[in-house]
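Visitor: Would you be able to build a 3D model of this:
(one chain, ligands or ions: 1)
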Amino acid sequence: MALKRLGVLTGGGDAPGLNAVIRAIVKSAANSHIECVGIEDSFDGLLEPGLTRILTPRDVTGILRLGGTILGTINRGDPFEHPVSSGGTHDYSERVVDTFRKMRLDALIVIGGDGTLAIAHKFFLRGIPVVGVPKTIDNDLVGTANCFGFDTAVDFATQAIDRLHTTAEAHKRILVVEVMGRYAGWIALYAGTAGGADAVLIPEIPFDIGIVAQKLRERDRWGAKFSIVVVAEGAFPRGGKMEVLEAAQPGIVERLGGIGARVCEALAVATGKETRSVVLGHLQRGGAPTSFDRVLATRLGGKAVELAKQGQFGMMAASAPPDIVARRLEEIVGRIKTVPRDHDLLLTAKALGITFGD
Ligand code: F6P
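Guide: The predicted structure is shown next:
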C-alpha cells in the first residue's frame, strides 16, 4: 500500500535538533507526495481533540536552526499509564489507536528518547505502523552511536566550563559544575574532557570524595591553585544514593538534582579551599543545535520517511557512522547505554590525570 499520510510527534524532554528532524520529515515527505500531520504534545495529541494540524513545507521553513519543537512535547504522558487528576493512572491506549485510525494515517513517526520509543513500540505491537527517531541530549540510547542534541549540550557545557576556568583561576577556587545525565555520564565525560576538568563524576562510577579531594590538593601543591569538577546529576558517592528532587510516580520518571552542591560542600571541608557550584540544568537543552546536530537530525528524519515508504515499521532510524541504518525498536526498549569502564575516552581521561573519584 502506498504511503499517503503520515503523522509525526515529539515526546519526552526536548533536545536541540527536534525541529530539524520535523523539517526533514515534512520536506522529504512532501517531495514524495506524502501528506504530513503534526501531532502536538506527544501522544496527548492523539488523546485530546484539536491537537493535530497539517504540516506543509511552508510550515517548517526557517525552523532548522531553532531549539525546542514546534509540536510541543511532554515527558509525563504515557497513554498506557496516564496520570489522572483524581490521582493514579488510566490506560487510554485504545483511544490513541482509534484516533490514529480515524485520522486515516498510514504511518506514525515518533521522535523521542527511551521512554517515548518504548511507548511507540507498544503501539506498534497494537498494530500502529510506527517508525522511531532517537532523541536525547544524554546520548544514552542503545542502537544508535549518536543522538542529536548531545553535541549541542556538550558544546554548551564546554563553553560554561571555559568561563568557569577563568574565574576559578582568578580566585584560586574549586568550581563544581553539575551537568545533565540521569543514569549515564556521557555529557560529563565529554564536556569534562573538552573543558579540561580535573575531576569528572559520573553515575557509572560511584565516587569517593576523599580521592577527589586528594587530587585537588595535589594540584595546589604543584601550583595549580584552582580546580574544575564536573558532576553528572546522577552521580553518587560510594555507598550512597542519587540526589532525588522528585520521586518517580506511575508514568512519571524521577527528577534528580543537587549532587553538585553536595560535592561542593564536601570538597570545601576536605580541602579547606573556597568552593562554588553551578547547575547548568535546562540551559543544556535550549538554544540552536550545532551544525553536527542539524546534519544528524536531518539524516535521521530523511531515513525515517524512507523506512515508512518501504513499510519497514517497528524500526528506528539510527546512526552507525558512516551510515544511517535501521534498528528494530524491540532491541532498544528497556535498555540504556551507559559509559563502559573500558571506554577509550574514560581511559584516556584517567591517563591524563582526570580523577573519577575511584
Ligand atoms: O533525559 C534528558 C534529560 O535532560 C535528563 O538529563 C534530565 O534528568 C531530564 O531530562 C530533565 O527532565 P525535565 O525536563 O523533566 O526536568
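
Visitor: what's the nearest residue to the residue nearest the centre of the chain if we skip its chain neighbours?
Guide: Closest residue to the average C-alpha location of the chain: residue 136 at 2.2 Å, with CA atoms, centre = their mean. For residue 136, ignoring the flanking residues on the chain, the nearest one in space by CB to CB, 6 or more residues apart in numbering is residue 113 at 4.0 Å. All C-beta atoms are positioned from the backbone trio N, CA, C, and that covers glycine.

Visitor: ok, the helix or strand of the chain with the lowest mean pLDDT: who's next to it in the sheet?
Guide: Least confident element among the helices and strands of the chain, by mean pLDDT, DSSP states H and E: strand 82-83 (a mean of 84). Sheet pairing of strand 82-83 (DSSP bridges) gives strand 89-90 (antiparallel).

Visitor: where along the stretch 251-358 of the chain do the strands fall?
Guide: Secondary structure of the stretch 251-358 of the chain by DSSP state E, counting those that start in this stretch: the strands cover 255-256, 275-279, 315-320, 323-328.

Visitor: and residue 204, which of these is closest to it?
Guide: strand 255-256 (14.6 Å; CB to CB).

Visitor: Point out the residues in the stretch 151-300 of the chain that sit beside the ligand.
Guide: Residues of the stretch 151-300 of the chain lying near the ligand by CB under 6 Å from any ligand atom: 180, 181, 182, 233, 255, 256, 285.

Visitor: contacting residues around the fourth one?
Guide: Shown in contact with residue 233 (CB atoms under 8 Å, 6 or more residues apart in numbering): 178, 179, 180, 181, 182, 243, 256, 257, 259, 260.

Visitor: quick one: the residue nearest to residue 136 and residue 141 touch, right?
Guide: Yes - here residue 113 reaches residue 141: they are 6.5 Å apart, a contact under CB atoms under 8 Å.

Visitor: neighbour count winner among these two?
Guide: Between residue 113 and residue 141, counted using other CB atoms under 10 Å, the more crowded position is residue 141 (26 against 22).

Visitor: Just confirm the more buried one contacts residue 134, I think it does.
Guide: Yes - counting by CB under 8 Å, residue 141 does reach residue 134; the two are 4.7 Å apart.

Visitor: What is the burial count for the residue of the chain found nearest the ligand?
Guide: Residue nearest to the ligand within the chain (CB to the nearest ligand atom): residue 180, separated by 3.3 Å. Residue 180 has 26 neighbours, counted by other CB under 10 Å.

Visitor: Pretty sure residue 71 sits against residue 36.
Guide: No - applying CB under 8 Å, one finds residue 71 not in contact with residue 36, separated by 10.9 Å.

Visitor: any shared contact partners between those two?
Guide: Joint contacts of residue 71 and residue 36 (CB under 8 Å, 6+ apart) are residue 8.

Visitor: how about stretch 343-351: buried residues?
Guide: Buried residues in stretch 343-351, counting neighbours by 16 or more other CB atoms under 10 Å, are found at 346, 349.

Visitor: who touches both of residue 113 and residue 141?
Guide: With CB under 8 Å, 6+ apart, residue 113 and residue 141 have common neighbours 134, 147.

Visitor: can you pull the contacts of residue 66?
Guide: Residue 66 neighbours (CB under 8 Å, 6+ apart): 19, 288.

Visitor: pLDDT wise, what is it at?
Guide: On pLDDT, residue 66 comes in at 98.

Visitor: what's the helix or strand for it?
Guide: For residue 66, there is no helix or strand it lies in under DSSP states H and E.

Visitor: what is the rounded mean pLDDT of stretch 151-163?
Guide: On average, stretch 151-163 scores 98.
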